[in-house]
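Asks: Could you work out the structure for the sequence below:
(2 chains)
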Protein chains: 2
Amino acid sequence: VNDRSTLQVQELGEQGLLAIVQQFCPADLVGDDAALLTVADGELLVVTTDLLVDGVHFSDATTSAADVGWRSAAANLSDLAAMGATPIAITVGLSLPGTVTVNWVEQLYQGITDCLQPSNTVIAGGDICRSSVITVAIAAFGQVNPAQAIRRAAARPGDVILVTGIHGASRAGLELLLNPASGKNLDAVDRSRLIQAHQRPNPRLDVMPLLRAVLSPSDRVAGMDSSDGLADAVLQICRASGTGAMLDRNQIPMPSSFDDWLTPEQALDWALYGGEDFELVLCLPPESAKALQQRLDTAAIIGTITANPQVLLEDSTGAIAPQILNLQKGFQHFQQHSN
Amino acid sequence: VNDRSTLQVQELGEQGLLAIVQQFCPADLVGDDAALLTVADGELLVVTTDLLVDGVHFSDATTSAADVGWRSAAANLSDLAAMGATPIAITVGLSLPGTVTVNWVEQLYQGITDCLQPSNTVIAGGDICRSSVITVAIAAFGQVNPAQAIRRAAARPGDVILVTGIHGASRAGLELLLNPASGKNLDAVDRSRLIQAHQRPNPRLDVMPLLRAVLSPSDRVAGMDSSDGLADAVLQICRASGTGAMLDRNQIPMPSSFDDWLTPEQALDWALYGGEDFELVLCLPPESAKALQQRLDTAAIIGTITANPQVLLEDSTGAIAPQILNLQKGFQHFQQHSN
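Replies: Numbers count the residues shown, from 1 in each chain, chains lettered A, B, ... in the order given. Okay, the predicted model is just below:
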């Protein structure tokens, strides 16, 4: 006899499991072969998808089921935010071993739901099947006014580069989870804040209304999110736009707790290459960037877009020679790079 | 030194692999965090998702990479067809071991593309990451006029039940692949046709224009696809609609080659429970069904919707006593049922 907390998926069967996860979906959206949703007339449909795989993107050591759910939803909502879009719904494809507990699945869906709730995004169905490895495949749908879509290729020389928040916090949180003995100088509040940044990243859907308030309809904004790292985001934008960039290493915002813990080089490495901070990296005219900064106190201007196609990391104090950034240090899922 | 046919995903790296699969996507749809698509004003967005997992839904013994791609796309397009929708695009989430060859991935995408081509559906991006097991997670997006959406819950007593084609062929094709010695009486054309039904099922997107031609705008149609089996489809429709059904075992269309191979009971079992035939099961007034049948020569009327909530399988010759069908025999992904 199994009590509720140890009941396994294989004991419940597919129909029983579907009945449980459908409790997290609005009743009018499930029960057919597909879900019917409304896109406002004149708006474009925005679609994206992200996979999370057990052992690659998460592990029992650092991530609860609820956190896996939150992060898989957050990654997709962040992609919509990076397009300037408003989310409508997601679908959830879940494959898992039959030995996973039903409680784990419920916690996963609870984490997804918690992340979706602030933006009123709904789960519009999905698929569940058995597999030897847990995989969460989410597709997300949103809508955007065509004139307000944010594209990577729209950066122009003279734009400034604005980030919507600090970088390196998610990587630091992961470090504290993997090596609890590290960061001895940090107080409990700092530790908890960094761990939270890793486990519960916030998709920056809050930025879009602020951006619309400071831009005129004809203003151009380029950008993407920093989920694969800040350096990667700047490099991708520059490649798509046919530009380069100059970044000032002294202007990249990082958690203040890094000062008591990391060397400047280590801190900068995590900020540039750590990834999973899920901030937006926006390129826009200087006046617009300053106006946005006044409404968003976590925002920082970290550099400028240049006609010279290189992406340079400079030191405005002059103490350190400029470095050229490239994609080689980015996150490579298929190679021997642990992250 | 590796030649092209043995080059592995892990040797190419994530960026190299992305560059290859992006060749299968329209250039204007990839390169941003999400893809921008158009939904016609006044139409509803229709979304669905399906997972295929190596060892569960396919295996090297029975399925080439191109066939895996075809079937994963077909399953999603069939869900859209079952809603009365016109496809717009899909996203592809692919997780796989680094030892899979690049050629396998290219063949997968070629199979997806071949299945999408007749309906002009595009691949609007996706995600790729490593995993210990190959998983293909596709989400599909379509559009439908709200008045023409086909729902499961819309069946009413007095409707007839129409299937758009034969059932049992996919299950028979699987049998021939798993046990090549079986079906000794079949000729080469019959064998090839059954195997084709399993490897390259056709989503019935062709049915919708015919259905619209025979229906007036106010006519109601209920339905779903038969991917989880014909019995399952009828049971799901009846459960959603609060009805029952009477099916005539002599009217269920099956491959003519079953006559030389299977007992009537075995043939009926595969037709009702084999699954993966990807036909549509539609419930509509008798006159509309007959008009549709005249335009679609593979269609057959197999029974009627009843107020009595049971789903009965009857023998119109009176030789065999009626049976009650239930969901227990349906496909159970998490239990010890090999399919």
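
Asks: Do you have the helices of the stretch 201-339 of chain A handy? List them.
Replies: A:207-214, A:230-241, A:264-273, A:286-295 (DSSP state H, counting those that start in this stretch).

Asks: As CSV, those helices with mean neighbour count and mean pLDDT would be great.
Replies: Every residue, glycine included, has its C-beta placed from N, CA and C. Listed next are the helices of the stretch 201-339 of chain A as CSV, based on neighbours: other Cβ atoms under 10 Å in any protein chain shown; pLDDT from 0 to 100:
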stretch, mean neighbour count, mean pLDDT
helix A:207-214, 17, 94
helix A:230-241, 23, 96
helix A:264-273, 19, 95
helix A:286-295, 16, 96
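
Asks: of all the ones you listed, which lies closest to B:L18?
Replies: Each of those has some distance to B:L18 by Cβ to Cβ; the shortest is helix A:230-241, at 11.5 Å.

Asks: and the angle for that closest one with helix A:264-273?
Replies: 50 degrees (axes from the mean of the first three to the mean of the last three Cα atoms, to 10 degrees).

Asks: can helix A:230-241 be found next to chain B?
Replies: Yes - interface with chain B: helix A:230-241 contributes A:A240 (Cβ under 8 Å from any Cβ of the partner chain).

Asks: Let's have the helices of the stretch 201-339 of chain A in TSV, adding distance to A:G69.
Replies: Below are these laid out as TSV (distance: least, Cβ to Cβ, whole Å):
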stretch	distance to A:G69
helix A:207-214	23
helix A:230-241	25
helix A:264-273	25
helix A:286-295	31
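
Asks: list the contacts for A:D41?
Replies: B:D41, B:G42 (Cβ atoms under 8 Å, 6 or more residues apart in numbering or on different chains).

Asks: what pLDDT does it get?
Replies: You'll see A:D41 listed with a pLDDT of 95.

Asks: Backbone dihedrals for it, both of them.
Replies: In terms of degrees, to the nearest 10, the main-chain angles of A:D41 are phi -50, psi 130.

Asks: Flag the shaky bits of chain A, pLDDT-wise.
Replies: A:1-3, A:61-62, A:328-339 (pLDDT under 70).

Asks: which residues touch the residue nearest the centre of it?
Replies: The centroid of chain A falls nearest to A:F278 when counting by Cα atoms, centre = their mean (3.2 Å). A:F278 is in contact with A:A74, A:A75, A:S78, A:S170, A:P201, A:N202, A:P203, A:R204, A:D225, A:S226, A:S227, counting by Cβ under 8 Å, 6+ apart.

Asks: If we use 10 Å, what do you get?
Replies: Going by Cβ atoms under 10 Å, 6 or more residues apart in numbering or on different chains, A:F278 touches A:71, A:74-75, A:77-79, A:81-82, A:164-165, A:170, A:197, A:201-204, A:225-227.

Asks: do the same with A:D219
Replies: Counted by Cβ under 10 Å, 6+ apart, A:D219 has contacts A:A147, A:Q148, A:L211, A:R212, A:L284, A:P285, A:E287, A:S288.

Asks: out of those residues, which one sits closest to B:L174?
Replies: The closest of these, once distances to B:L174 are taken by Cβ to Cβ, is A:Q148, at 49.5 Å.

Asks: hang on, that closest one packs against A:G84?
Replies: Yes - using Cβ atoms under 10 Å, A:Q148 is in contact with A:G84, at 4.9 Å.

Asks: Quick check: neighbours shared by these two?
Replies: Among the neighbours of A:Q148, those also in contact with A:G84 (Cβ under 10 Å, 6+ apart) are A:M208, A:L211, A:R212, A:V221.

Asks: who touches the second one in this structure?
Replies: What that stands for is A:L211. A:84, A:148, A:150, A:162, A:164, A:219, A:221, A:223, A:280, A:282, A:284, A:288, A:291-292, A:295-296.

Asks: got it, and A:F141?
Replies: Taking Cβ under 10 Å, 6+ apart, one finds A:35, A:37, A:39, A:45-48, A:76, A:80, A:85, A:87-91, A:121, A:124, B:34, B:37, B:39, B:45, B:47, B:139, B:141 in contact with A:F141.

Asks: hmm, 7 Å instead?
Replies: Contact analysis of A:F141 by Cβ atoms under 7 Å, 6 or more residues apart in numbering or on different chains lists A:L37, A:L45, A:V46, A:V47, A:I88, A:A89, B:L45, B:V47.
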